[in-house]
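> The sequence isn't on hand, but the structure is:
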């Protein structure tokens, strides 16, 4: 059950399992220092303090009580950290619409589908945790009083399983992890309705960056990546050829 005490305990609860390196064993061009879990915990605690100050300021400026956004943020973060979906009806509209890089342009509709999408990541990365990055949250209040937010955060965990992509079920294409630790930034956009529930959302991240950070995709100067990208010539050539063939019907 969620309350302030449960939230504070979740802030203090370690989630990462196994070795966490000082630097990612990635295939990116430059070394990437890893946020250790103690840093992530301290950073997240301070983020909520700073976010409360920002909401107080906006509440005064817009003459509108925005303290509910803090309650929503705590419930949202807590639910994913402890994998408890009992509060979904207090967080999302029944017909919530959501998109992600992994949906290939499809829109996820409904709470059940939204949960299935999120748990695809948790099943591939069992110790996956989300932590908001300092001073990187933005709030927009529309003239009708509805709220929209954008937040940049970082995900951390050991990619030990297969990440299912859309439609996130047994028929889905999968990207297989190699067991190593990954830490990757992303940006989320949330639009709330008049009842304070997420009506629409989106997660954005650099797919190539994420796969290279996880050691799944080769580095940019490797022959493997060059060969992989060079193979795009085949479907491109077929598409060009099909356009030159006159249509009979």
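That came through, no problem. Computed from a predicted model, the values in this text were never measured in an experiment.
> Tell me which stretches of the protein form strands.
Shown for the chain, the strands assigned by DSSP state E span residues 92-100, 108-109, 129-141, 147-158, 162-164, 174-176, 181-192, 198-204.
> Tell me where the model's unsure across this structure.
246-249 (pLDDT under 70).
> report the longest helix in the chain, please.
helix 37-62 (DSSP state H).
> which of the residues in it are buried?
37, 40-41, 44, 47-48, 51, 54-55, 58 (16 or more other C-beta atoms under 10 Å). C-beta coordinates here come from the backbone N, C-alpha and C atoms, glycine included.
> Next: stretch 59-74.
Quick answer for stretch 59-74 (16+ other C-beta under 10 Å): 66, 69, 72-74.
> wait, which of the strands of the chain is closest to residue 228?
Between residue 228 and the strands of the chain, the shortest separation by C-beta to C-beta is 13.6 Å, and it involves strand 174-176.
> That closest one: how far from the chain's middle?
Remark: strand 174-176 is offset 17 Å from the chain centroid, using C-alpha atoms, centre = their mean, to the nearest Å.
> Given it, what are its sheet partners and their directions?
strand 162-164 (antiparallel) (DSSP bridges).
> Name the surrounding residues that touch the partner strand.
102, 120-121, 123-125, 172-177 (C-beta atoms under 8 Å, 6 or more residues apart in numbering).
> if you set the cut-off to 7 Å instead, what comes out?
Contacts of strand 162-164 with the rest of the structure, by C-beta atoms under 7 Å, 6 or more residues apart in numbering, involve 120-121, 124, 172, 174-177.
> same question, stretch 32-39
14, 16, 20-24, 26, 154, 156, 183, 213.
> Determine which two of these are furthest apart.
So, the contacts of stretch 32-39 by C-beta to C-beta: farthest apart are 14 and 26, at 23.0 Å.
> out of the two, which sits in the more crowded spot?
residue 26 (26 against 11; other C-beta atoms under 10 Å).
> can you redo the strands of the chain as a markdown table with distance to residue 217 and mean neighbour count?
Putting these into a markdown table (distance: least, C-beta to C-beta, whole Å; neighbours: other C-beta atoms under 10 Å) gives the following:
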| stretch | distance to residue 217 | mean neighbour count |
| --- | --- | --- |
| strand 92-100 | 18 | 19 |
| strand 108-109 | 25 | 18 |
| strand 129-141 | 22 | 17 |
| strand 147-158 | 17 | 19 |
| strand 162-164 | 13 | 20 |
| strand 174-176 | 9 | 14 |
| strand 181-192 | 12 | 20 |
| strand 198-204 | 18 | 17 |
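> Figure out which of these is closest to residue 8.
Of all those, strand 129-141 comes closest under C-beta to C-beta, at 15.6 Å.
> and the closest one, which strands flank it?
Sheet pairing for strand 129-141, assigned by DSSP bridges, gives strand 147-158 (antiparallel).
> contact partners of the partner strand?
16-18, 35, 40, 66, 69, 125, 127-133, 136-141, 179-192.
> do stretch 192-209 as well
Under C-beta under 7 Å, 6+ apart, the answer for stretch 192-209 is 68, 72, 91-93, 96-101, 146-147, 184-191, 217.
> Ends of it, what's the gap?
As for stretch 192-209, its first-to-last residue distance stands at 29 Å under the measure C-alpha to C-alpha, to the nearest Å.
> Now residue 67: closest residue in space, sequence neighbours ignored.
What sits nearest to residue 67 in space, not counting adjacent residues and going by C-beta to C-beta, 6 or more residues apart in numbering, is residue 55, at 6.3 Å.
> Is it possible to get CSV of the buried residues of helix 37-62 that adds distance to residue 115?
CSV is the format used below for these (distance: C-beta to C-beta, whole Å):
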residue, distance to residue 115
37, 25
40, 24
41, 25
44, 22
47, 24
48, 24
51, 25
54, 29
55, 27
58, 30
